[in-house]
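Asks: Next one to model:
(one chain, ligands or ions: 2)
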Amino acid sequence: MTSFTLHGIPVSRGIAIGRAHLLAPAALDVQHYLIADDQVEAEVSRLQSAIAAVHAELQTIWNELPQDAPAELGAFIDVHALILSDPMISEMPLDIIRSRYYNAEWALVTQIEELSAQFEEIEDPYLRERRADIQQVGERVLKVLTGSANLLPKSDGSEGSASMIVVAHDISPADMLQFRNRAFNGFITDVGGQNSHTAIVARSLDIPATVGVSNASELIVQGDWLIIDGDAGVVVVDPTPVVLDQYREKQARQVRERKKLGKLKKTPSLTLDGTPITLLANIEFPDDCAHAMDAGAHGIGLFRSEFLFMGRTGHANKLPSEDEQFESYKRAVIAMKGRPVTIRTLDIGADKPLDFAEQTALNPALGLRAIRFCLSEPQMFLTQLRAILRASAFGPVKLLVPMLAHAFEIDQTLLMIGQAKAQLREEKIKFDPELPVGAMIEIPAAALTLPLFIKRMDFLSLGTNDLIQYTLAIDRVDHEVAHLYNPLHPAVLYLLSSTIAIAAKAGVPISVCGEMAGDTNMTRLLLGMGLREFSMHPSQLLSVKNEILNSDLTVLEPVTKKITRIFEPKAINEAVEKLRTL
Ligand code: PEP
Ligand code: MG
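Replies: Ligands and ions are numbered 1, 2, ... in the order given. Got it, this is the predicted structure:
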């Protein structure tokens, strides 16, 4: 096989070298063929082995559930194991092979379709929903049969197990959850944008990744040797020994650089002129706090609480209970040992749908997302607010509200926080009565009407991922418009600099918690705009600190002011690049 190179969008830095592990989409268009009489028992035993393999996989997942996995994930796995053991899956397809001479995949699909049709007729919505479980179990078996099992082996520490690269058409943020403890060191998808939540999760896992690599999942074959250059967005398939050596060398150089950065962990985060800069971490789960502490973060600037609400397909309780949420938030607060934890209320919708909520919106990024969804589900929102408030009794907590644009949304939110506080007071449950409440500034309308927010909120956080998406009208998950996603667009720079300046003037603390905060190419620009608080993935923190330690605000500020007055893209790029040499 000859070597070839594919290009995509770089989303997570570093070099990964390993063998391709293809995640086929549910192979429902499986091969259909009739088998001969003397092949029947072999086909039956092929299906039986696949079912046994899925049993073993489910058991392994069960045994390895992370501590912070949603409490009912175990129950969900049990349901799948039960379905798998039921004669309708474990026996009926075998009968179809014996009686109709179908190949194993065809027999299984026939039975799943039959069952799905029967479940569709059921009136009880809970039972009707089990149809999805049956289909998922069927897909698992099918993937084993077709040799494209989605499940990844856990790392056994050997070199082989740790050098696998996942290749898929797409991976949902929820699916990424199952990869957290798995042995793989990079991923490639056909679709996706730089700041899709899947990309963000890849960055939080700190593994090289490239998305939007058109047709990667068709061009790459299971077991191919691959190199991902996560800095350049390049994928080399079946590299020659010379190319492999070059990338190994580059990889070793990066490891050495990281080691060097490791020495900065305890270095105070000060610019050359002595200005202290706060470095916070973005997390998805409480266990991520260990990484944040390890990187020397001053606190958590963004806890994306929605990840506690995702990956719950098949759970009896679709939403995490107040206690379940409280335990998660409290764990983060305790893990941060007195450093503040900013918990963002549920930002569900768009590319982070709830498993059970069918997305019918034509344009979900502009639909009932984040605070809009929460205000439309007051009971659910109140439950979360109570859980966050309860966690505030165990250490400093801040509450951050996503996607606000209207004064009445802020007012309703504050009213509900007041209501949650009143309930807890009545129930004599402790919480921090002074809990700071902040707003994400991530819709242009919010950035342009900042006085509304300053008047009502204790702090602000710029969500640059969405601010860019909504300012430039490009879907952040759509790879066809990914080339238009430009943090340096003059409109974006205007909104950022004016927001930071107005907040600073009003004395309201402001941070950036979008991906720009962790991009070392942007550090000096943001410092020059007056930003003093950055929140990013723990893995990016020391590179950003390194940039800060070498920055002089007295030099950066006047130059940045000039940059915000430039409109020509080429001139902006050159000026921002030059900032890095000052
Ligand atoms: C943002 O929009 O910049 C942000 C931090 O939130 P999210 O990426 O979760 O939408
Ligand atoms: Mg956002």
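Asks: Any idea how many residues pack against the residue of the stretch 301-450 of the chain found nearest ligand 2?
Replies: Ligand 2 sits closest to Glu442 of the stretch 301-450 of the chain, with a gap of 4.7 Å, by CB to the ion. (Glycine included, C-beta is placed from N, CA and C.) Other residues within reach of Glu442, judged by other CB atoms under 10 Å, total 26.
Asks: how about the nearest residue to it, chain neighbours excluded?
Replies: In this structure, Glu442 finds its nearest non-sequential neighbour in Gly463, 3.1 Å apart by CB to CB, 6 or more residues apart in numbering.
Asks: show me the residues around Glu515 that make contact.
Replies: With contact set as CB atoms under 8 Å, 6 or more residues apart in numbering, Glu515 has these partners: Gln194, Asn195, Ile200, Arg203, Thr464, Asn465, Met536.
Asks: What residues does the stretch 351-500 of the chain have near ligand 1?
Replies: Glu442, Gly463, Thr464, Asn465, Asp466 (CB under 6 Å from any ligand atom).
Asks: Ser217: which of those residues is nearest?
Replies: Asn465 (25.2 Å; CB to CB).
Asks: about what we covered before: quick check: the residue nearest to Glu442 touching Ile441?
Replies: Yes: using CB atoms under 8 Å, Gly463 is in contact with Ile441, at 6.8 Å.
Asks: what about the residue of the stretch 301-450 of the chain closest to ligand 2, distance to Leu108?
Replies: 45 Å (CB to CB, to the nearest Å).
Asks: cool, Val211 as well?
Replies: 32 Å.
Asks: Quick check: which element contains the residue of the stretch 1-150 of the chain at minimum distance from ligand 2?
Replies: Residue of the stretch 1-150 of the chain nearest ligand 2, by CB to the ion: Val11 (16.1 Å). Under the criterion DSSP states H and E, the helix or strand holding Val11 is strand 9-12.
Asks: which helices and strands does that strand pack with?
Replies: The contact analysis (3 or more CB pairs under 8 Å, 6 or more residues apart in numbering; DSSP states H and E) places strand 9-12 against helix 197-205, strand 209-211.
Asks: Quick check: buried residues in the very next helix or strand once past that strand?
Replies: Moving toward the C-terminus from strand 9-12, the next helix or strand (DSSP H and E) is strand 15-23. By neighbour count on 16 or more other CB atoms under 10 Å, the buried set for strand 15-23 is Ile15, Ala16, Ile17, Gly18, Ala20, His21, Leu22, Leu23.
Asks: Please name every helix or strand in contact with strand 15-23.
Replies: strand 164-168, strand 225-229, helix 241-262.
Asks: And those: which comes nearest ligand 2?
Replies: strand 164-168 (23.9 Å).
Asks: Could you please name the strands that closest one pairs with and the direction of each pair?
Replies: Strand pairing for strand 164-168, using DSSP bridges, gives strand 15-23 (parallel), strand 186-189 (parallel).
Asks: Next, give phi and psi for Thr240.
Replies: Per-residue torsions, Thr240: phi -70, psi 160 (degrees, to the nearest 10).
Asks: pretty sure it is in contact with Ser3, am I right?
Replies: Yes: counting by CB under 8 Å, Thr240 does reach Ser3; the two are 5.3 Å apart.
Asks: neighbour-wise, which of those two wins?
Replies: Ser3 (14 against 11).
Asks: Output the strands paired with strand 164-168 as JSON lines; include the columns distance to ligand 1 and mean pLDDT.
Replies: Output for the strands paired with strand 164-168, formatted as JSON lines (distance: least, CB to the nearest ligand atom, whole Å; pLDDT from 0 to 100):
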{"stretch": "strand 15-23", "distance to ligand 1": "23", "mean pLDDT": "88"}
{"stretch": "strand 186-189", "distance to ligand 1": "18", "mean pLDDT": "91"}
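Asks: Among those strands, which comes closest to Gln222?
Replies: Using CB to CB, these put strand 15-23 closest to Gln222, at 4.9 Å.
Asks: now that closest one: how far from the chain's centre is it?
Replies: Between the centre of strand 15-23 and the centre of its chain there are 20 Å (CA atoms, centre = their mean, to the nearest Å).
Asks: for stretch 36-55, same thing?
Replies: 38 Å.
Asks: swap in stretch 265-280?
Replies: Worked out by CA atoms, centre = their mean, stretch 265-280 lies 28 Å from the chain centre.
Asks: what's in contact with that stretch?
Replies: 294-302, 342, 511, 513, 527, 532-536, 541-542, 544-545, 548-554.
Asks: Next, the buried residues of it.
Replies: Applying 16+ other CB under 10 Å to stretch 265-280 flags Ser269, Thr271, Ile277, Thr278, Leu279, Leu280 as buried.
Asks: ok, and Val236, which helix or strand is that part of?
Replies: strand 234-237.
Asks: for Leu6, same thing?
Replies: Using DSSP H and E, Leu6 maps to strand 4-7.
Asks: Same check on Tyr470?
Replies: Per DSSP H and E: Tyr470 is located in helix 464-472.
Asks: does that helix come close to ligand 2?
Replies: Yes: judged by CB under 5 Å from the ion, helix 464-472 and ligand 2 are in contact via Asp466.
Asks: how does this protein divide into domains?
Replies: By the record's domain assignment, the chain is partitioned as 4-24+151-243, 37-146, 261-579 (automatic domain parsing).
Asks: possible to save those domains as CSV with distance to Gln31?
Replies: Formatted as CSV, the domains of the chain follow (distance: least, CB to CB, whole Å):
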stretch, distance to Gln31
domain 4-24+151-243, 13
domain 37-146, 6
domain 261-579, 28
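Asks: between these, which gets nearest to Glu249?
Replies: Closest to Glu249 of the domains of the chain is domain 4-24+151-243 (CB to CB; 9.6 Å).
Asks: And the closest one, how far out from the chain middle?
Replies: The answer for domain 4-24+151-243 is 15 Å, by CA atoms, centre = their mean.
Asks: Next: stretch 328-336.
Replies: Centroid displacement of stretch 328-336 relative to its chain, using CA atoms, centre = their mean, is 20 Å.
Asks: could I get it in CSV with only the CA atoms?
Replies: Presented in CSV, the C-alpha positions along stretch 328-336 are these (Å, rounded to 0.1, in the frame of the first residue of the first chain):
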residue,chain,number,x,y,z
SER,A,328,-20.6,15.8,41.6
TYR,A,329,-20.4,19.5,42.2
LYS,A,330,-19.2,18.9,45.8
ARG,A,331,-16.5,16.5,44.6
ALA,A,332,-15.2,19.2,42.4
VAL,A,333,-15.3,21.8,45.1
ILE,A,334,-13.5,19.6,47.6
ALA,A,335,-10.9,18.5,45.0
MET,A,336,-10.0,22.2,44.3
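Asks: Ala391 against Phe326, yeah?
Replies: Yes: using CB under 8 Å, Ala391 is in contact with Phe326, at 5.9 Å.
Asks: okay, these two: which has more neighbours?
Replies: Shown here are Ala391 and Phe326; by other CB under 10 Å, Ala391 has more neighbours (26 against 22).
Asks: what residues are up against that one?
Replies: Listed by CB under 8 Å, 6+ apart, the contact partners of Ala391 are Phe326, Tyr329, Lys330, Ala332, Val333, Val341, Ile343, Val397.
Asks: quick one: secondary structure of it?
Replies: helix (DSSP: H, G, I helix; E, B strand; the rest coil).
Asks: Mind listing the residues bridging to Glu533?
Replies: What pairs with Glu533, by the bridge criterion (DSSP bridges), is Thr278.
Asks: wait, isn't it in contact with Ala503?
Replies: No: if you go by CB under 8 Å, Glu533 and Ala503 don't touch, sitting 10.4 Å apart.
Asks: Next, show the common contact partners of these two.
Replies: The contact sets of Glu533 and Ala503 overlap at Pro509, Ile510 (CB under 8 Å, 6+ apart).
Asks: Which residues of this structure lie near ligand 1?
Replies: Applying CB under 6 Å from any ligand atom, one finds that the chain approaches ligand 1 through Ile200, Leu302, Arg304, Asp347, Glu442, Gly463, Thr464, Asn465, Asp466, Cys513, Gly514.
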